[in-house]
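**Q** need a structure here:
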Amino acid sequence: MGHSHAQRDRRSNHRVDLDGRAMLFQRGHHVGQYSLENLSAGGVWISGEQQPRAGHLVHLLIDLETSGETMSLTGSVRRAKSHSNGNGNGVGLAIAFPALSPDQEDTIQDAVLRALLRREARAEHLPLLVFEPRRRVREEIECEVRSFGLPVSGVDSLAAAVEELENEETEYGGLIIHSVAQDRAAMDVVEFFARTDGLRTIILPEPDGALSERALRLTKLPAVVAPRIWSRTELRRALTN
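**A** Residues are numbered from 1 along each chain as shown. Now for the predicted structure:
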C-alpha cells in the first residue's frame with residue numbers, strides 16, 4: 001500500500017478488544033489455541049491454557065472473526081499471568097511484535113480502526129445508565145444527559161445496577177456514577193465491569209473536583225474517565241470523547 005508509511009507516522013498503537021482466536025507455535029511445535037483479548041501494532045494479549053517456554057520467539061496465526069482475515073506474525077512473550085478461566089487454571093500472555101512489515105502493521109491498524117468505529121457507532125445508539133442513590137442528583141444527571149440528545153436510564157441501588165448490567169436483553173453504552181464512588185461494594189462492581197467488559201464509565205467528582213482514592217485509581221483504566229469538575233461542560237466533554 002503506497003500510503004502505508006505516511007499513515008503509520010500519524011498513528012499511535014491503539015489497543016482495542018477484538019473477537020478472534022490465535023494459534024501459537026514455538027520452534028515449529030504447536031503450543032495451543034488462545035482467545036484474542038486485544039490487539040495493537042505493538043503487540044497482542046491472548047488467553048488460553050498452555051504457557052510457552054520463556055526466552056524463545058513464538059509464531060502466531062491470528063484469525064479475526066469480523067474480517068475473516070488470518071495474520072501470520074512473529075512475536076516474543078513479554079509477560080505471562082496465571083488466572084482462572086472457568087475450567088481450571090489458565091494463562092494470559094502479553095506478546096510484543098518486535099519487527100512488523102509495513103503491510104502487517106497496516107493490516108493490524110486497519111482492524112483496530114474498524115473495531116473502534118464499530119464500537120463508537122454502537123455506543124451512539126445505546127442508552128447510558130446512571131447509578132446514583134440520591135433521587136435529586138440522579139434526575140439532574142439524567143436531565144443533563146438527555147439535553148445532549150442521548151438516551152439514558154437510572155437506577156438507585158447496587159442490586160438494580162447489577163441486574164441491568166447483567167441482563168442479556170439490555171445493553172448500555174456507558175455507566176455514570178457520582179456518590180457511589182464512596183461505596184466500596186459498589187465500586188467493586190464498577191471495577192469488575194470496567195475491567196472485564198470494558199464498560200465505558202464516567203465518574204463524576206465532588207463539586208470541588210475531588211475523587212475518592214478508589215475512583216482515582218480506576219481512572220487509569222482505558223474505559224474510565226473522570227471530568228475535572230461536576231459541570232455541564234465537563235460532562236459533555238466526557239460523553240463525547
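
**Q** Using the record's assignment, carve the chain into domains.
**A** 4-119, 126-240 (automatic domain parsing).

**Q** Could you tell me the least trusted of those domains?
**A** For the domains of the chain, the bottom mean pLDDT is recorded on domain 4-119, which sits at a mean of 79.

**Q** Return the distance of that domain from the chain's centre.
**A** 15 Å (CA atoms, centre = their mean, to the nearest Å).

**Q** hmm, back to that, would you turn the domains of the chain into JSON lines with mean neighbour count?
**A** Heads up, the C-betas are built off the backbone N, CA and C, glycines and all. Below are these laid out as JSON lines (neighbours: other CB atoms under 10 Å):
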{"stretch": "domain 4-119", "mean neighbour count": "15"}
{"stretch": "domain 126-240", "mean neighbour count": "16"}
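
**Q** so how far is Leu221 from the residue nearest the centre of the chain?
**A** Nearest to the mean C-alpha position of the chain, counting by CA atoms, centre = their mean, stands Gly198 at 3.5 Å. Look at Gly198 and Leu221: by CB to CB, to the nearest Å, they are 9 Å apart.

**Q** ok, now Val180?
**A** Distance, Val180 to Leu221, using CB to CB: 17 Å.

**Q** Could you do Cys143 as well?
**A** Cys143 is 27 Å from Leu221, by CB to CB.

**Q** same deal with Thr201?
**A** In terms of CB to CB, Thr201 sits 8 Å off from Leu221.

**Q** Could you tell me which residues touch both of these two?
**A** When contacts are counted by CB atoms under 8 Å, 6 or more residues apart in numbering, the set common to Thr201 and Leu221 consists of Ala194.

**Q** all helices of this structure, in order?
**A** 4-10, 102-125, 135-147, 158-166, 184-196, 213-218, 232-240 (DSSP state H).

**Q** Does anything pack onto the longest strand along the chain? Which helices or strands?
**A** Counting by DSSP state E, the longest strand found in the chain is strand 70-84. Packing partners of strand 70-84 (3 or more CB pairs under 8 Å, 6 or more residues apart in numbering; DSSP states H and E): strand 43-48, strand 57-64, strand 89-96, helix 102-125.

**Q** relative to strand 89-96, how tilted is the first one?
**A** Strand 43-48 runs at 170 degrees relative to strand 89-96, counting by axes from the mean of the first three to the mean of the last three CA atoms, to 10 degrees.

**Q** quick one: contacts of strand 43-48?
**A** Residues outside strand 43-48 that contact it (CB under 8 Å, 6+ apart) are 22, 24, 32-39, 60, 62, 73, 75, 78, 83, 85, 90-97.

**Q** That strand pairs with which strands?
**A** Sheet pairing here is set by DSSP bridges, and for strand 43-48 it gives strand 29-40 (antiparallel), strand 89-96 (antiparallel).
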